[in-house]
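Student: sequence isn't available, so here's the structure alone:
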């Protein structure tokens with residue numbers, strides 16, 4: 001275990017599996033005390049056990065961020081208490097993956113659900129956590145965007161819109177909180193080898209074949225980028241979008 005994040009605390013939303021789990025494990029490996037969060041209590045405990053088994057510090061707070069301001073406030077308060085009264089790092093990772101479909105087939109309920117989790121929850125939670133960071137003069141917020149938010153993709157209008165919004169919010173929050181010492185940045189993953197992504201593997205295959213790397217990313221590679229942005233190695237990086245996508249967004 002190294003110690004780039006020693007004596008720091010972190011909340012990672014949606015961290016009971018996939019990319020979020022890898023982020024929680026990676027932050028703990030660097031010395032952070034991590035609050036794992038998600039809807040599945042059993043999976044959350046498993047992630048905590050994985051972290052503590054190797055000497056890391058972690059606890060779990062169940063949360064369904066589709067629950068609006070009540071859910072966001074409950075998570076922020078519980079996580080802050082478990083973290084000893086302060087959060088140094090917030091990773092807004094929780095998101096609803098939307099199966100690609102024609103715009104005309106997307107119903108209002110799906111639109112509302114996607115906006116509630118992918119945008120509203122991120123907005124509310126940041127508003128609850130960032131002011132305390134600003135008052136202390138330090139903190140790092142990493143938002144999970146997507147390369148889908150960087151360019152147009154047919155049949156992905158809703159998901160792409162939510163992620164483009166996250167990219168825009170990152171810039172606005174960098175302007176708002178950066179002068180007070182809070183760094184806000186975005187990670188934009190491309191195709192990543194998670195269980196969820198396997199449901200659209202056939203659709204992603206042509207994209208992956210055309211990428212400079214010719215392969216999807218691993219959750220650990222995305223997590224490594226989050227650790228970098230959370231650490232002092234990124235001390236003067238504000239409002240940036242770091243793509244972890246095998247070069248897809250560049251070419």
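Tutor: Cool, got the structure. Keep in mind that this is a model prediction, so the values were computed, not measured. Numbering: from 1, shown residues only.
Student: distance of residue 212 relative to residue 171?
Tutor: 26 Å (C-beta to C-beta, to the nearest Å). C-betas here are computed from N, CA, C, even on glycine.
Student: so these two - more neighbours on which side?
Tutor: residue 171 (16 against 11; other C-beta atoms under 10 Å).
Student: so the more buried one, which of the three states?
Tutor: What DSSP: H, G, I helix; E, B strand; the rest coil gives for residue 171 is helix.
Student: as a quick check, tell me the outermost residue of the protein.
Tutor: Distance from the C-alpha centroid of the chain, by C-alpha atoms, centre = their mean, peaks at residue 104 (28.8 Å).
Student: now do the same for that residue: its pLDDT.
Tutor: pLDDT for residue 104: 98.
Student: again with residue 199
Tutor: Listed pLDDT for residue 199 reads 70.
Student: next, count neighbours for it.
Tutor: 11.
Student: so it sits right up against residue 99, yeah?
Tutor: Yes - counting by C-beta atoms under 8 Å, residue 199 does reach residue 99; the two are 6.9 Å apart.
Student: packing partners of the lowest-mean-pLDDT helix or strand in the chain?
Tutor: Every helix and strand in the chain was compared by mean pLDDT, DSSP states H and E; the lowest is helix 201-210, with a mean of 85. Contacting helix 201-210 under the criterion 3 or more C-beta pairs under 8 Å, 6 or more residues apart in numbering; DSSP states H and E is no other helix or strand.
Student: quick check, pLDDT for the spatially most central residue of the chain.
Tutor: Centroid check for the chain by C-alpha atoms, centre = their mean gives residue 93 as the closest residue, at 2.2 Å. At residue 93, the model reports a pLDDT of 98.
Student: could you do residue 17 as well?
Tutor: 96.
Student: tell me, how many residues neighbour the nearest residue to it once chain neighbours are set aside?
Tutor: Using C-beta to C-beta, 6 or more residues apart in numbering and skipping the chain neighbours, the partner closest in space to residue 17 is residue 43 (5.9 Å). The tally of other residues near residue 43 (other C-beta under 10 Å) stands at 16.
Student: residue 43 contacts residue 15, correct?
Tutor: No - taking contacts as C-beta under 8 Å, residue 43 lies outside contact range of residue 15: 9.4 Å.
Student: for stretch 61-73, buried residues please.
Tutor: Under the neighbour-count criterion of 16 or more other C-beta atoms under 10 Å, stretch 61-73 has 61, 63, 65-66, 71-72 buried.
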